[in-house]
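# here's a sequence, model it:
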Amino acid sequence: MRLDDASQLAESLASPAPEPAAGIAICATGAMAAALVAKACALSPDASLEAEHARAKDLRAELLATAERDVAAFYAVLEARRSGGSEREAWAVAALVLAGSLTGSLRPPRRHNKPAIRRWSARTAGSAGR
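Numbering: from 1, shown residues only. As a prediction, this is how the structure comes out:
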């Protein structure tokens, strides 16, 4: 990974130009967090984290897909503005893109792997004083 990519994203988000920002920022942040969880699961010596690893990969993919839908919704708002269509309705649809994802398929699982979390906590607590 190149730091230039992250710098370019941050610069683009800060730009006053009319382009997608909030949805990309939210989804990219979540996708990066999910990627780190997947990486931690993959590197863990605990073999019982396969479900968490798969869930993190699925979540990352869904967040990136939601970012793409958000970009499309944003450009629909711009097109409504240009063509004299209902900008208010287009914004309502754009808001539903993120709201629907965040309240639907992106809901975190109810079950957590508590035994694995306890084992990891015990291992890291023992090495913290070293």
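
# so for the lengthiest helix in the chain, mean pLDDT?
Longest helix in the chain, counting residues (DSSP state H): helix 50-83. Mean per-residue pLDDT for helix 50-83: 88.

# could you list the buried residues of it?
For helix 50-83, a neighbour-count test (16 or more other Cβ atoms under 10 Å) marks 52-53, 55-57, 59-60, 62-64, 66-67, 69-71, 73-74, 76-77, 80 as buried. C-beta here means a position set from N, CA and C on the backbone, and glycine is covered the same way.

# three-state assignment of the residue nearest the centre of the chain?
Most central in the chain under Cα atoms, centre = their mean is residue 30, positioned 2.6 Å from the mean C-alpha point. Three-state call for residue 30 (DSSP: H, G, I helix; E, B strand; the rest coil): helix.

# just to check, it is in contact with residue 64?
No - between residue 30 and residue 64 there is no contact under Cβ atoms under 8 Å: 9.2 Å.

# any idea how far residue 19 is from residue 66?
As judged by Cβ to Cβ, to the nearest Å, residue 66 and residue 19 stand 17 Å apart.

# fine by me, we can end here.
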